[in-house]
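>>> show me the folded form of this:
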Amino acid sequence: MIRSILIVDDSGVSRRVVQHCLEYSGLKGREFVQAANGALALEIIKQRAVDLLVTDLSMPVMDGPALVEAVAKLPNAKDMKIIVATSLASGAWEVDLTRKGVTAVVRKPLGNDSFTAVLAKIESGRTTP
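Have a look, this model is predicted:
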C-alpha cells in the first residue's frame, strides 16, 4: 500500500500539479513530501520511508536519472516504486529508466487521469513492464 509519496521537481507548480493528479487518482489523504531536486530528495529518502517516488528528469543539482541510480543503491529503498513524470522521455529513455528501476513513465503535460492506470497496477502488485 502506498502511504508516503515524495514528489521531486524543480518547479513548485509542477509539484502541486503532480500532487493534485495523484490525489485525484486515489491517493488523497496520503502523506506527501516535496523536494526541488534529486539531492534534496535523496536526503529525505535516507532519513525516512517513502513508498512512492515521483520525479522529473531535468532538474538542477541532481537530475532524475542520477536520483534513480542513487536510490537503487539504498537498502531502505528496495521496495520503493518510482514514477518518472516528464515531457522529455522517449522510447529509448523509458527502456533505460526501466532497467534502472523505474516502475513507470508518465508523460507531461499531466491531466487528472495521468496516474490512474499506473497507480492501479502498483497498488495491485502488477508492475512488471
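>>> doesn't residue 92 lie inside a helix?
Yes. Under DSSP: H, G, I helix; E, B strand; the rest coil, residue 92 falls within a helix.
>>> and the helices in the protein, which stretches?
12-22, 38-47, 64-72, 91-99, 116-124 (DSSP state H).
>>> what angle do the helix or strand bottoming out on mean pLDDT in the chain and helix 64-72 make?
When the helices and strands of the chain are scored by mean pLDDT, DSSP states H and E, helix 91-99 comes last with a mean of 83. Using axes from the mean of the first three to the mean of the last three C-alpha atoms, to 10 degrees, the direction of helix 91-99 lies 20 degrees away from that of helix 64-72.
>>> sorry, back to before: what's the most buried one of the helices of the chain?
Most buried of the helices of the chain by mean neighbour count (mean count of other C-beta atoms under 10 Å) is helix 64-72; its value is a mean of 20. (Each C-beta comes from the backbone N, C-alpha and C, glycine too.)
>>> that one: how far from the chain's middle?
Put simply, helix 64-72 sits 11 Å off its chain's centre (C-alpha atoms, centre = their mean, to the nearest Å).
>>> okay, angle between it and helix 38-47 too, please.
Per the same axes, to 10 degrees, the angle that helix 64-72 makes with helix 38-47 is 20 degrees.
>>> export the helices of the chain to TSV and tack on distance to residue 107?
Below are these laid out as TSV (distance: least, C-beta to C-beta, whole Å):
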stretch	distance to residue 107
helix 12-22	12
helix 38-47	20
helix 64-72	14
helix 91-99	10
helix 116-124	11
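>>> closest one to residue 6 among those?
With C-beta to C-beta as the measure, helix 38-47 is the member of those nearest residue 6 (5.9 Å).
>>> put the alpha carbons of that closest one into PDB.
The C-alpha trace of helix 38-47 is given here as PDB (Å, rounded to 0.1, in the frame of the first residue of the first chain):
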ATOM      1  CA  GLY A  38      17.300  15.000  -6.600                       C
ATOM      2  CA  ALA A  39      19.900  15.800  -4.000                       C
ATOM      3  CA  LEU A  40      17.300  17.000  -1.500                       C
ATOM      4  CA  ALA A  41      15.100  14.000  -2.400                       C
ATOM      5  CA  LEU A  42      18.000  11.600  -1.700                       C
ATOM      6  CA  GLU A  43      18.500  13.100   1.800                       C
ATOM      7  CA  ILE A  44      14.800  12.700   2.500                       C
ATOM      8  CA  ILE A  45      14.800   9.100   1.300                       C
ATOM      9  CA  LYS A  46      17.900   8.300   3.500                       C
ATOM     10  CA  GLN A  47      16.100   9.600   6.600                       C
END
